[in-house]
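1. have a look; sequence and predicted model below, questions after that.
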Amino acid sequence: MPDDVLILRIDRPDQFPGWLSPDLLASFLHESLKPYEDPLEDVLAGIEYAMSPVAGKGGFVLAAVDGRDLVGALVLLRTGMKGYVPPNMILYVAVDPARRGEMVGHRLMQQAIRACEGDVKLHVEYDNHARKYYEAIGFESKYADMRLKR
């Protein structure tokens, strides 16, 4: 990965650099996660949850930046639970498609894992090529994620 890519940790909305906002971050994640993206409003809600000062909520955002270019991002939520639901959940991790292969995602994952205490979970589609990477760094598939949509 190029040395000019910095990883910024953002814990509160007032820590975003002036050129980056939660809306811009949400748009980046929404576009960079295709074809596995969530609706834009859901991505923004996840970022807002990570920035929440409310007890039982919170987490952080990691932004990989090259100057004023956002090249990768990760959103981690603290679940407030333990045991059957791990205390940490990586909600989103994405790298600009033009910057993939430069270890940006790897650095984001390693920094996020080091920054939290306890187990970490993430959701990944079965056909997502990133699944092999997550398994290689120690993530295991424990359950099938099943949902009833209403």
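-> Thanks, I have the structure now. A quick note: this is a predicted structure, and the numbers were derived from the prediction, not measured.

2. contacts and neighbour counts: CA atoms only from here.
-> Noted.

3. and Y36, how far from I47?
-> 17 Å (CA to CA, to the nearest Å).

4. and I7, that's in a helix?
-> No: going by DSSP: H, G, I helix; E, B strand; the rest coil, the assignment for I7 is strand, not a helix.

5. helices of the chain, residue ranges please.
-> 22-32, 40-50, 104-115, 130-136 (DSSP state H).

6. of these, which is nearest H123?
-> helix 130-136 (9.3 Å; CA to CA).

7. what is the neighbour count of I137?
-> For I137, the neighbour count with other CA atoms under 10 Å is 11.

8. can you check S27 too?
-> Residues near S27, counting by other CA under 10 Å, number 17.

9. what of S32?
-> Residues near S32, counting by other CA under 10 Å: 20.

10. again, but for A73
-> A73 has 27 nearby residues by other CA under 10 Å.

11. now it. Nearest residue, chain neighbours left out?
-> Once flanking residues are discounted, A73 sits nearest to A63: 4.5 Å by CA to CA, 6 or more residues apart in numbering.

12. swap in H30?
-> Nearest one to H30, counting by CA to CA, 6+ apart, is E37 at 5.4 Å.

13. OK, contacts around that neighbour?
-> By CA atoms under 8 Å, 6 or more residues apart in numbering, E37 lies in contact with L29, H30, E31.
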